[in-house]
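Trainee: below are the sequence and a predicted model for it; my questions follow.
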Amino acid sequence: MAMEIERKFLLPEYPERLIEEGQLKVLTRHSIDQTYLAIEDGQELRVRKITDLDTGEVTYTHTFKDGKGISRQEIEYSISAGLYNQMIEAVKAVPLVKTRITGVWNGTTVEIDLYTQLELTVLEVEFDSLEEAESFIAPEWFGQDVSTEKKYSNKTVWKQLQNK
């Protein structure tokens, strides 16, 4: 099982100026529909429909995560459109929809998530070790570090959508 080590920041504004100036190089742009199948005690099962906004290619994933905080175990694998659709139909839930911009800033890969259904934009950085994550000094433009704030986790935001 792979380890996912990441920090999340509440991005105050989309970094258009940094992109225009070439300081933030955009690599990919995806639309992601994310639905949770089960959530309990730090464990989660989810599926995603991922559409590449530049090529139109659509892929599907199934993910299991275990743990809380900035370091969690994760297993993710590709699934077919048919399997994805069966799972979505079974849970009859509202997917969390976001646009993910993956880019490189100052040698660091960043993922910017712009949520479609709510006014929320976050920036995530993944790390190879806990020490690297803890020692990372984020620039001011990343915004507030919300890595350990549950209200900004995808599963919490998704749960709120189900009650609307």
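Mentor: Looks like it came in fine. All figures in this text were calculated on a predicted structure; none of them were measured in a lab. Residues are numbered from 1 along each chain as shown.

Trainee: give the buried residues for the helix or strand containing S31.
Mentor: S31 is part of strand 24-40, with elements assigned from DSSP states H and E. Under the neighbour-count criterion of 16 or more other C-beta atoms under 10 Å, strand 24-40 has L24, R29, H30, S31, I32, D33, Q34, T35, Y36, L37 buried. Every C-beta, even on glycine, is put in place using the N, C-alpha and C of the backbone.

Trainee: can you list contacts of that strand?
Mentor: Strand 24-40 has contacts (C-beta atoms under 8 Å, 6 or more residues apart in numbering) with 15, 18-19, 44-54, 87-88, 90-91, 93-105, 109-110, 154-155, 158-159.

Trainee: what does the pLDDT read for the residue located most distally from the centre of the chain?
Mentor: Most distant residue from the mean C-alpha position of the chain: E21, 25.3 Å away (C-alpha atoms, centre = their mean). According to the prediction, E21 has pLDDT 97.

Trainee: ok, it to P15 distance?
Mentor: 10 Å (C-beta to C-beta, to the nearest Å).

Trainee: check L27 too.
Mentor: Distance from L27 to P15, by C-beta to C-beta: 14 Å.

Trainee: got it, and G67?
Mentor: 30 Å.

Trainee: where's E124, which helix or strand?
Mentor: Here E124 is assigned to strand 121-127, by DSSP H and E.

Trainee: contacts for that strand, please.
Mentor: Residues contacting strand 121-127 (C-beta under 8 Å, 6+ apart): 4-11, 13-14, 108-115, 133, 136, 138, 142-143, 146, 152.

Trainee: swap the cut-off to 7 Å and go again
Mentor: 4-11, 14, 108, 110-114, 133, 136, 142, 152 (C-beta atoms under 7 Å, 6 or more residues apart in numbering).
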